[in-house]
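Engineer: Provide a 3D model corresponding to the input given below.
(2 chains, ligands or ions: 4)
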Protein chains: 2
Amino acid sequence: MSYEKLPLEPLFQKIDELKPQFIERLERAVAIPSVSGDETLRPQVVKMGEFLITELTALGFTDIQRKELGTQPPPVADANLQLPPVILGRFGTSPEKKTVLVYGHYDVQPAAKEDGWATEPFTLVHDQAKDILYGRGSTDDKGPVLGWLNVIQAHNELGWELPVNLVVCFEGMEESGSLGLDELIEREAKEYFAKVDQVTISDNYWLGTSKPVLTYGLRGCNYYQIIVNGPGADLHSGVFGGTIAEPMTDLIKVMSTLVNSDGLIQIEGIKEMIAPLTDKENALYDEIDFSVDEFNAAAGSETCLHTTKQDLLKHRWRFPSLSLHGIEGAFSGTGAKTVIPAKVIGKFSIRTVPNIESAKLDQLVFQHVEAEFAKLKSPNTLKVELIHDGNYWVSNPFNDSFTAASKATQDVWGIVPDFTREGGSIPITLSFEQKLGVDVLLLPMGRGDDGAHSINEKLDVPNYINGCKTLGGYLHYYAKA
Amino acid sequence: MSYEKLPLEPLFQKIDELKPQFIERLERAVAIPSVSGDETLRPQVVKMGEFLITELTALGFTDIQRKELGTQPPPVADANLQLPPVILGRFGTSPEKKTVLVYGHYDVQPAAKEDGWATEPFTLVHDQAKDILYGRGSTDDKGPVLGWLNVIQAHNELGWELPVNLVVCFEGMEESGSLGLDELIEREAKEYFAKVDQVTISDNYWLGTSKPVLTYGLRGCNYYQIIVNGPGADLHSGVFGGTIAEPMTDLIKVMSTLVNSDGLIQIEGIKEMIAPLTDKENALYDEIDFSVDEFNAAAGSETCLHTTKQDLLKHRWRFPSLSLHGIEGAFSGTGAKTVIPAKVIGKFSIRTVPNIESAKLDQLVFQHVEAEFAKLKSPNTLKVELIHDGNYWVSNPFNDSFTAASKATQDVWGIVPDFTREGGSIPITLSFEQKLGVDVLLLPMGRGDDGAHSINEKLDVPNYINGCKTLGGYLHYYAKA
Ligand SMILES: [Zn+2]
Ligand SMILES: [Zn+2]
Ligand SMILES: [Zn+2]
Ligand SMILES: [Zn+2]
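Structural biologist: Ligands and ions are numbered 1, 2, ... in the order given. You can find the predicted model right below:
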């Protein structure tokens, strides 16, 4: 792909120059244990929001707003627990420029040294030999959030004008279900976000460890439960075994009909809804930098269902899958317990892809489960229901923002990025697209092995610094598109 | 059944007279919360053992021994936790008399008012209107244990000689696996228990609520686990769903082949081992006082697999059954979690009956599970193993002790008892039979609805008092046999 290069070298040099300051900024952010899932740490989440306001103010952002989202709904220990605020801000309001909204989150997953961290999780540690930054939030999502601030600082120090108007939207509840965010986007769609042309999210990862990617698709997820009800209370298998219809027997029979060991979903009507694989799409998979070996290394086993990279990737993000997660109400401890559980709830979910309609899928699932249960002629009762659903998302990887991000990536990394999709879902992507009616770009900063929710979460320094360059370059290319 | 009645009226009258004292004795016993499963209450279990020693001493027992069983093996919070002692004692040592060993346990299940008890669990409450005694341990097993002491007291006050030598063996760990008891029986078989002719255990219940029973059989239990191992760690179903062989899929498939919803075991070779049902045995079931309605009431549902009393009882205790208990390692909480569990362990058990050989059964189970797993052609690994087994037990309901107990029951209750078996197992029964080489009689005191391990455990006063008469009468008839 050839393109007209913009003269961004001074920006990239300035970012290199500022590296020590950018690392120091991340150090201060990581030091605040803004764990949204731990009520006792809620003041730290709020403190992290205030840290961002201070930084935004110093950088010259305007119209900075601290949007309160009200009381956190149950279950909570403190009934008056306040949700952390969403921080909004603007850099530039020129009617001649396009407006890009960047989303990120300033809360993090829990972390404790005792979990097995090699270093203190809330102290950013720079391993000079490997040039890696270790710390909770380094890659998810404080590094990328500060990336946008770093871009502004570099422009300021160069005396450069930002080529677009930037709107930032930073939330503090992402790791805990983004409570209140959908409503905020809804409320602000025609207010604070009125002029937004494009949304960019930097909160996912490269597929592997060496090649940058741009992400244009996500699978959806419909999560179901099957409830089988029998006796009035748990019974002893010595006294009742052989005389009563056991709910576990029925549930296991029904669950065994959902998917085969080769991963093929056994519910009729689903595969007919899958968008056909075009030759053009099929060819895309050949280019992508990935291997079955890399997959096995990540899974920690050699139990991949596919033998080629192409098949593997297709089944990761463009075909649906069904996983059996577990059973509530049955014996789940170690050792032996001779219980006949009275009520058992089987949990499974289906990852959805274009063009599976969520409501149609529910219908097929319910029909299948009920038909299989009917075959058992059991006196027990069965109920099947949807717990939650979230739609798949696919964008056009050849639109203005993807093209701009691809050019910036080539400038910075010297390579055309892979265009990938992801197997999981990032619900906020769809919310922004639908509520603002604009395109969304997923522009990841970190690598596939960063360990976002694990111990020893890290961000490679080259990813942090080149990531800042890519974010900055992207704004320039997008402005010209 | 006609038989020569012994002149036991004075004994029965004396027991009626002593009723207030017997209830008061039980009241003092229930007041000691001797919960063996709660380490913090271990001193109370010991105190309960000392209470028995005091009572036995006062009644004239000799050679009273407090047998220590050493340190409780892990898992325990206190590594030095001592097992409660087994209390041994003798009443009479005449070489002319037969010697009967009576076993009971002085520990109880946990209980707390908050669990839903209508009264304080460790306060014996006499509901005068219903003539019922409520309290933890009332029926399991403090009532029956004190029953033997009450019989001695009645004899003492009458100035009657006991017609047999009595040996008592009371343990304090029955509700927590009878740790150390097997070894003690082994050690004392040729020592303290050397002269024992017969063992009587009063630690089970009538089948229903109105007719006394004698119990001559118990099912065994072989408990298995199937371990399926896949990836190196739990994975996210968004990222890995559709690309990796999921252990849950394989486990559910295999578990679904073990038993049908009608309760029929699907493992080949088991039904061929079941002892054929003779006409004589078949006829026994017609007499037994029981009904499908009573069963449904106990189960709290109308999900019985059988429509006649006869079928129901046969499947309760003379046919094997297979129960799926649950899965360790899978998601078992409420709500939704998108996990692909890396290692899952399915738990199931088979209740065994004559003439199923335990080792042969293991072989059939292992073969079946391995063959079903092989059909799946999964890259995951499977292991199937026995967690524990305990053999079935069947005695001759026409031997001396059953005949004696039947006569005593007729004297006291005016009715021929039902000869029943139980679906569950009481492992100590087989231990005594095998290690002492003598017959064992199960002579229950309480009713089928006593709620031994539930809230509001109770013992009807008529069962307590007539139970004492039956225990006493039994010793007299057995002495003459
Ligand atoms: Zn994130
Ligand atoms: Zn995260
Ligand atoms: Zn008991
Ligand atoms: Zn018990």
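Engineer: So residue A:3, which state does it fall into?
Structural biologist: coil (DSSP: H, G, I helix; E, B strand; the rest coil).
Engineer: Stretch A:324-338 - what's its average pLDDT?
Structural biologist: For stretch A:324-338, mean pLDDT rounds to 93.
Engineer: Start and end of it, how far apart?
Structural biologist: This stretch, stretch A:324-338, spans 24 Å end to end (CA to CA, to the nearest Å).
Engineer: tell me how far it is from the chain's mean position?
Structural biologist: Counting by CA atoms, centre = their mean, to the nearest Å, stretch A:324-338 is centred 30 Å from the centre of its parent chain.
Engineer: buried stuff in it?
Structural biologist: The neighbour-count check on stretch A:324-338 (16 or more other CB atoms under 10 Å in any protein chain shown) flags A:324-332, A:336-338 as buried. C-betas here are computed from N, CA, C, even on glycine.
Engineer: of these, closest to residue A:303?
Structural biologist: Distances from residue A:303 to the buried residues of stretch A:324-338, taken as CB to CB, are shortest for residue A:324 (15.5 Å).
Engineer: Quick check, the closest one in contact with residue A:348.
Structural biologist: Yes: using CB atoms under 8 Å, residue A:324 is in contact with residue A:348, at 4.9 Å.
Engineer: Output the residue of the stretch 351-481 of chain A whose distance to chain B is smallest.
Structural biologist: residue A:424 (2.5 Å; CB to the nearest CB).
Engineer: Does that residue touch residue B:235 like I think?
Structural biologist: No: under the criterion of CB under 8 Å, residue A:424 makes no contact with residue B:235, lying 10.9 Å away.
Engineer: quick one, which of these two is more surrounded?
Structural biologist: Counted by other CB atoms under 10 Å in any protein chain shown, residue A:424 and residue B:235 do not tie: residue B:235 has more neighbours, with 24 against 19.
Engineer: in what helix or strand does residue A:374 lie?
Structural biologist: Assessed by DSSP states H and E, residue A:374 sits inside helix A:358-376.
Engineer: Alpha carbons of the helix or strand following that helix, in PDB - could you do that?
Structural biologist: For helix A:358-376, the following helix or strand on the C-terminal side (DSSP H and E) is strand A:381-390. Written as PDB, here are the backbone C-alpha positions of strand A:381-390 (Å, rounded to 0.1, in the frame of the first residue of the first chain):
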ATOM      1  CA  THR A 381     -39.300 -29.200  35.100                       C
ATOM      2  CA  LEU A 382     -37.000 -27.300  32.800                       C
ATOM      3  CA  LYS A 383     -36.600 -23.600  32.000                       C
ATOM      4  CA  VAL A 384     -34.200 -22.100  29.600                       C
ATOM      5  CA  GLU A 385     -33.400 -18.400  29.600                       C
ATOM      6  CA  LEU A 386     -31.100 -15.800  28.300                       C
ATOM      7  CA  ILE A 387     -28.900 -14.100  31.000                       C
ATOM      8  CA  HIS A 388     -27.500 -11.400  28.800                       C
ATOM      9  CA  ASP A 389     -26.600 -10.700  25.200                       C
ATOM     10  CA  GLY A 390     -24.300  -8.300  23.400                       C
END
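Engineer: chain center to stretch A:271-283, what's the gap?
Structural biologist: Centre-to-centre, stretch A:271-283 and its host chain are 24 Å apart (CA atoms, centre = their mean).
Engineer: residues of it that come out buried?
Structural biologist: residue A:273.
Engineer: Stretch A:374-392 now?
Structural biologist: Residues A:376, A:378, A:380, A:382, A:384, A:386, A:389-392 are the ones in stretch A:374-392 that count as buried (16+ other CB under 10 Å).
Engineer: Turn the residues you listed into CSV, including distance to residue A:449 and pLDDT.
Structural biologist: What follows is the buried residues of stretch A:374-392, written out as CSV (distance: CB to CB, whole Å; pLDDT from 0 to 100):
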residue, distance to residue A:449, pLDDT
A:376, 45, 98
A:378, 47, 98
A:380, 46, 98
A:382, 43, 98
A:384, 38, 98
A:386, 34, 95
A:389, 30, 91
A:390, 26, 91
A:391, 29, 93
A:392, 25, 96
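Engineer: For residue A:400, which non-adjacent residue is closest in space?
Structural biologist: Nearest-residue entry for residue A:400: residue A:481, 4.0 Å, with adjacent residues in sequence omitted and distances by CB to CB, 6 or more residues apart in numbering or on different chains.
Engineer: what's the closest of the buried residues of stretch A:324-338 to residue A:184?
Structural biologist: Distances from residue A:184 to the buried residues of stretch A:324-338, taken by CB to CB, are shortest for residue A:325, at 30.5 Å.
Engineer: now that closest one, what's its secondary structure?
Structural biologist: Once three-state DSSP is applied, residue A:325 turns out strand.
Engineer: residue contacts, it?
Structural biologist: By CB atoms under 8 Å, 6 or more residues apart in numbering or on different chains, residue A:325 lies in contact with A:347-349, B:237, B:248, B:330-331, B:336-341.
Engineer: Equivalent analysis for residue A:355, please.
Structural biologist: So residue A:355 contacts A:273-275 (CB under 8 Å, 6+ apart).
Engineer: Kindly recompute the last result at 6 Å.
Structural biologist: When contacts are counted by CB atoms under 6 Å, 6 or more residues apart in numbering or on different chains, residue A:355 touches A:273, A:275.
Engineer: Could you do the one 3 residues further on as well?
Structural biologist: By CB under 6 Å, 6+ apart, residue A:358 lies in contact with residue A:389.
Engineer: okay, it: pLDDT?
Structural biologist: Confidence at residue A:358, expressed as pLDDT, is 96.
Engineer: Is residue A:462 in a helix, a strand, or coil?
Structural biologist: Classification of residue A:462 using three-state DSSP returns helix.
Engineer: and it, how many neighbours?
Structural biologist: Neighbours of residue A:462 using other CB under 10 Å come to 13.
Engineer: Need the pLDDT of residue A:287.
Structural biologist: 89.
Engineer: Leaving out chain neighbours, which residue sits closest to it?
Structural biologist: Distances taken as CB to CB, 6+ apart place residue A:418 nearest to residue A:287, at 6.7 Å, with adjacent residues excluded.
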